[in-house]
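Peer 1: Need a 3D model of the sequence below.
(chains A and B)
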Amino acid sequence: MNSLLARMPRVLEWLPQVQPDVLCIQETKVSEETFPHLELQGLGYETAAHGLGAWNGVAILSRVGLEDVARGFAAEPGFPDPEARAIAATCGGVRVHSIYVPNGRTPDSPHYEYKLAWLAALRDAVEGELSGAAAPLAILGDFNIAPTDKDVWDPALFVDSTHVTPAERDALGRLLELGFTDVQPRIVKGEPFTYWDYRAGNFHKGFGMRIDLVLLANELAPKMKDAYIDRDARKGKKPSDHAPVVVDLDL
DNA sequence: ATGCCTTATTTCATAAGA
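Peer 2: Predicted structure coming up:
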């Protein structure tokens, strides 16, 4: 979102147009009290938000039920206190997680160690949830990891940079090993990207990354009918720097 | 045209994003 409040005009246009049953958003930059619950409920969605204020913030919108909301997860690391980076709810028979993985900044930064610790703790929390889970899991959000070199516009520029290091990719791999599929959306204009920096005309040059992922429990993957990146949402007036990933499941 | 950073805040400068 890069601020839900700043993005509301786009959200109010996009939601009725695409009409997802469930929407997971990240970087809302808004507290739960200030979250625009009523406006979104007016479009037919239940809302669950987790936010502490100016930074981070995650939420789930659903029109197919929103039950057993959990904010954060077991043993979630902080910097130093836990931030608002994870929320989960059961929607239409799927246990949905909306997550915002710490950025990491640079591999020599304490924020990078925090990122790896957070990912390891998320993996453990998901493993715990899988034992005796009543509903299949889906983990969606801004992972701040490009899974492969194909997921960045110029891998040579990213050597030794955050988002592509083996440690980050391994952390994602350990999550996937629990039984998840990294959904590969349809390619639009030859790009698999979900994020383009605002600066230097990167969007128009095709300088992007695929860092917003949808991880489906392997049992859900065969039920997927379509997946695409809504690249058009990155265009126009006051867009986010990320584009939505849309996944269609036949449940 | 898709159009060359944006947002929030301890606000007119800085931190953060990735």
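Peer 1: what's around the closest residue to A:Ile87 other than its chain neighbours, how many residues?
Peer 2: Nearest non-adjacent residue to A:Ile87, counting by C-beta to C-beta, 6 or more residues apart in numbering: A:His50, 4.3 Å away. In short, each C-beta sits where N, CA and C put it, glycine included. Residues lying near A:His50 (other C-beta atoms under 10 Å) number 25.
Peer 1: can you pull up the bridge partners for A:His50?
Peer 2: A:Val58 (DSSP bridges).
Peer 1: try A:Ala88
Peer 2: Beta-bridge pairing for A:Ala88 (DSSP bridges): A:Ala70, A:His97.
Peer 1: State the distance from it to A:His97.
Peer 2: A:Ala88 sits at a distance of 5 Å from A:His97 (criterion: C-beta to C-beta, to the nearest Å).
Peer 1: quick one on the thing from earlier: looks like the residue nearest to A:Ile87 contacts A:Ala86 (just checking).
Peer 2: Yes - here A:His50 reaches A:Ala86: they are 7.3 Å apart, a contact under C-beta atoms under 8 Å.
Peer 1: Now the common contact residues for the two.
Peer 2: A:58, A:71-72 (C-beta atoms under 8 Å, 6 or more residues apart in numbering).
Peer 1: Counting neighbours, which of those comes out on top?
Peer 2: Highest neighbour count within those: A:Val58, with 28 neighbours (other C-beta under 10 Å).
Peer 1: Tell me, how many residues neighbour A:Thr28?
Peer 2: 27.
Peer 1: Just the strands from the stretch 51-200 of chain A, written as ranges.
Peer 2: Under the criterion DSSP state E, counting those that start in this stretch, strands of the stretch 51-200 of chain A are mapped to A:58-62, A:67-71, A:86-91, A:94-100, A:137-142, A:180-182, A:195-196.
Peer 1: JSON lines for those, including distance to A:Glu39?
Peer 2: Compiled in JSON lines, the strands of the stretch 51-200 of chain A are given as follows (distance: least, C-beta to C-beta, whole Å):
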{"stretch": "strand A:58-62", "distance to A:Glu39": "11"}
{"stretch": "strand A:67-71", "distance to A:Glu39": "19"}
{"stretch": "strand A:86-91", "distance to A:Glu39": "19"}
{"stretch": "strand A:94-100", "distance to A:Glu39": "19"}
{"stretch": "strand A:137-142", "distance to A:Glu39": "22"}
{"stretch": "strand A:180-182", "distance to A:Glu39": "33"}
{"stretch": "strand A:195-196", "distance to A:Glu39": "26"}
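Peer 1: Out of those, which is closest to A:Val30?
Peer 2: Between A:Val30 and the strands of the stretch 51-200 of chain A, the tightest spacing by C-beta to C-beta is seen for strand A:58-62, at 8.6 Å.
Peer 1: and that closest one with DNA strand B, contact?
Peer 2: No - using C-beta under 7 Å from any atom of the strand, strand A:58-62 never reaches DNA strand B; the gap is at least 12.2 Å.
Peer 1: hey, C-alpha coordinates of that strand in PDB?
Peer 2: Extracted C-alpha coordinates of strand A:58-62, given in PDB (Å, rounded to 0.1, in the frame of the first residue of the first chain):
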ATOM      1  CA  VAL A  58      -1.100  -5.300   7.700                       C
ATOM      2  CA  ALA A  59      -4.700  -6.200   7.200                       C
ATOM      3  CA  ILE A  60      -7.200  -8.700   5.700                       C
ATOM      4  CA  LEU A  61     -10.400  -7.800   4.000                       C
ATOM      5  CA  SER A  62     -12.900 -10.600   3.300                       C
END
